[in-house]
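[1] Below: sequence and its predicted model.
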Amino acid sequence: MATLRITFTPASPAPSNGYLVTYRRAGTADPYTTVTVGSSPADISVTDGWPYEGTIRSDCGGGIFSPTVAFNATVPADSCYIYEFSNAGLSDATVYYKECNMAPVLSFVVTAGGPQVYQCMRSDYVIINSTQVAPGTPSGTIDNVTWARTTDPGCV
């Protein structure tokens, strides 16, 4: 997860019921999500690496709202890390993943008993053979393939 930060000029006086922020992934048919925030900047937990679109308006209470203001924002891919893979099994394993820039699903093979493989990837989409790794899991073992997120988040 990442933080969508929306900075705006607050109303004066402050609206009695806060501000309504409605947002979704930009350019999709996904339904909008609406949250109420109390001040600027507004921090909302979202999936990282995606552009977002939405609106914000004051909720003055009693069904009275300010005009709607649109926004577009991109959340950085802050869950992009270098992962180390090794395979102690007797057969090769295929790892499916997404690069940090949200490219299509790619894959590579971790050779049984072979050298370690290092790959820059998102932490929320990793599948080893046919088993999906829980999003954000920093390390573990599936089908004799061990992975670990390095301490260097040095990929972009």
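    Happy to help now that I have it. Residues are numbered from 1 along each chain as shown.

[2] make it CA atoms for all contacts and neighbour counts henceforth
    Will do.

[3] Just list the residues touching Ile55, thanks.
    In this structure residue 55 is Thr, not Ile. 21-23, 68-71 (C-alpha atoms under 8 Å, 6 or more residues apart in numbering).

[4] again, only using 6 Å
    Thr55 makes contact with 21-22, 69-71, according to C-alpha atoms under 6 Å, 6 or more residues apart in numbering.

[5] what's the answer for Thr28, then?
    Counted by C-alpha under 6 Å, 6+ apart, Thr28 has zero contacts.

[6] how near is it to Phe65?
    Using C-alpha to C-alpha, to the nearest Å, Thr28 is found at 26 Å from Phe65.

[7] now swap in Ala26 and tell me
    Taken as C-alpha to C-alpha, the span from Ala26 to Phe65 is 24 Å.

[8] and if you look at Val46?
    Noted for Val46: a distance of 25 Å to Phe65, by C-alpha to C-alpha.

[9] just to revisit the earlier point, out of the contacts of Thr55, which one sits closest to Val133?
    Using C-alpha to C-alpha, Thr22 comes nearest to Val133 of those, at 30.6 Å.

[10] Low-confidence stretches in the protein?
    Where the chain drops to pLDDT under 70, the residues are 1-2, 47-50, 75-80, 99-104, 122-125, 134-136, 151-156.

[11] quick one, domains of it?
    With domains defined by automatic domain parsing, the chain comprises 2-74, 80-149.

[12] winner for burial among those?
    Across the domains of the chain, the average number of neighbours (mean count of other C-alpha atoms under 10 Å) peaks for domain 80-149, which reaches a mean of 17.
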